[in-house]
Every structure is written in C-alpha cells, then in structure tokens.
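Q: test case, fold it:
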Amino acid sequence: MTTISRIVSRLRPFALIAALGLAGCSTAPVQKGEIVEPAFAADRILQEDVVYQAEATISDPWQGFNRTMYRFNYHFDRYLFLPVVRGYQWITPDIVETGIHNFFRNLGDVTTLINSILQLNLEKTMNTTTRLALNSTVGLLGFIEIASDVPRSDEDFGQTLGYWGVGTGPYLVLPILGPSSLRDGVGQGVDWYARSVIRDELTDFETWQDLAIDLLWSIDIRANTAFRYYETGSPFEYELVRMLYTTKRQLDVER
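A: Below is the predicted model of the structure:
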C-alpha cells in the first residue's frame, strides 16, 4: 500500500463520522455574495453585494458557554498570546519571519489540496498542486514564495462539509481558536488530524518536535491576524463578531 493510500485509509473513518454527525443540520448553500480573500476582518466582509446572516437565524444555544469562552480568549490573548507574538517578532529578523510564514502557508496548501479534491474543484486543485510543486522545490519547502502569480485558496474540511450540504450547526467559540461552529470545529479537527497523519508519514519527528512546530505555526497565524478582542468599537462585540464570522464562513463555502 502506498503512502497516499495509507493516509486516505486512516482519514476515511474520521471524515465519515464527522459527516454523519453533522448531517442532521445540513442545508443547501445559497449564493449571496463573494469574498476575494477569506480573512476574519470586517473591511473584507463589509461589501455592498453581501447579504449578511440575520442575527435571528444564527443558532447560538450555548451562548452562556460561548460568552465565557470569548472572555477567556480575550484574557489569554492579551496577557499571554500577544506578548509571545511580540517577543517572537522582536527576536526574529523580518526576512526570517517572512520565510517562516511562507513555509507554513505552503504546509497549509496541503490540506487545501485535499479539500479541493474532496470538493471536486478542478481549478483549485490544479492551482494548489502547481503552488505546492513550485514552492516546495524551487522555493525551498516554501520558505521562498515562487508561485505568487498562481491563485491561492484556503480550503478546509468545514468548507468541504458545507459544499456537500452540511449546515453550520450551532455557533461555537472554541478555546484559544475563537469563533467557530459545530461544523467548522469538527472540520478543524479533521484538518489537524490530516496534517498529523501526513507529517507522520513523511517525517520522523519526535513528539516534542511536532509540538514545537504546532506552537510556531500558531504564533505565525496570530502574528498575521489583525483582529484584536474588544477593539471593534461596538458595545455589542460578541454579536458583531458572531455575525461577521457566520457571514464569512457562508461566503467561504459559496465562493
């Protein structure tokens, strides 16, 4: 059995369980707008042709937990995560930081490729394959962005479930990871598992090395995410963020 076959066979049961577990809340997506770059930022979501998810239609039965977790994430972000990010940026030369960011974006293209295939999207599959081939070879494992002219997508398993008609399920604020939904939370777990399986197949890292890579990846993501808790200027930030996130994910699935 080839490496790819082993990976697929290990992922199939987990993906099937995820799909079956969420099938009860499936709905067909309706095209309402388009977002060019999927990013959790209001200025990239607030467009004239976007029809926003009405607050009344957003399922939030776990609001007590979600609000508590939102406040926890704020304190974690302010007093631990952001100081670590600032320290990382202070000690890391800009050229090295850019290379690390490019490297992790290249790794992210692996799960994008898998999900593009699962979504039967030939164009995204070809573009992502081209990006991976060029950046992983000529670009030295992605540290140098060679394929900058090739369109890039960010596809995840939550979007794949949405493509196949699985609804978002209840809104969910995850510890540290922030705004999500039942579907997207499961999707993040599947993507993380897929990356772990692929990394185990291709490398011989020890546990501490895997943890170090995941930690550095998390720091890089936070360093390149502009959102800051309680800086939206709205007295109803929880509701605003919930609406923006839900709308963003709706657009991610539709594009």
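
Q: how many neighbours does the closest residue in space to residue 78 that isn't next to it in sequence have?
A: Distances taken as C-beta to C-beta, 6 or more residues apart in numbering put residue 229 closest to residue 78, at 7.0 Å, once the chain neighbours are dropped. Just so you know, the C-beta spots here come from the backbone N, C-alpha and C atoms, and that holds for glycine as well. Residue 229: 17 surrounding residues under other C-beta atoms under 10 Å.

Q: what's the pLDDT at residue 229?
A: Per-residue pLDDT puts residue 229 at 95.

Q: Provide the secondary structure category for it.
A: coil (DSSP: H, G, I helix; E, B strand; the rest coil).

Q: now do the phi/psi pair for it.
A: When quoted as degrees, to the nearest 10, the phi and psi of residue 229 stand at phi -60, psi 140.

Q: so it makes contact with residue 76?
A: No - assessed by C-beta atoms under 8 Å, residue 229 is found out of contact with residue 76, at 9.5 Å.

Q: how far away is the residue lying closest to residue 81 once chain neighbours are set aside from residue 129?
A: Among residues not flanking residue 81 along the chain, residue 222 sits closest, at 5.8 Å (C-beta to C-beta, 6+ apart). Distance, residue 222 to residue 129, using C-beta to C-beta, to the nearest Å: 29 Å.

Q: can you check residue 59 too?
A: Taking C-beta to C-beta as the measure, residue 59 falls 37 Å from residue 129.

Q: ok, now residue 63?
A: 42 Å.

Q: and what of residue 238?
A: Counting by C-beta to C-beta - residue 238 and residue 129 are separated by 40 Å.

Q: which one of those two has more residues nearby?
A: Neighbour comparison, residue 238 and residue 129: the larger count goes to residue 238, with 19 against 15 (by other C-beta under 10 Å).

Q: identify the residues contacting the more buried one.
A: Residue 238 makes contacts with 66, 67, 70, as judged by C-beta atoms under 8 Å, 6 or more residues apart in numbering.
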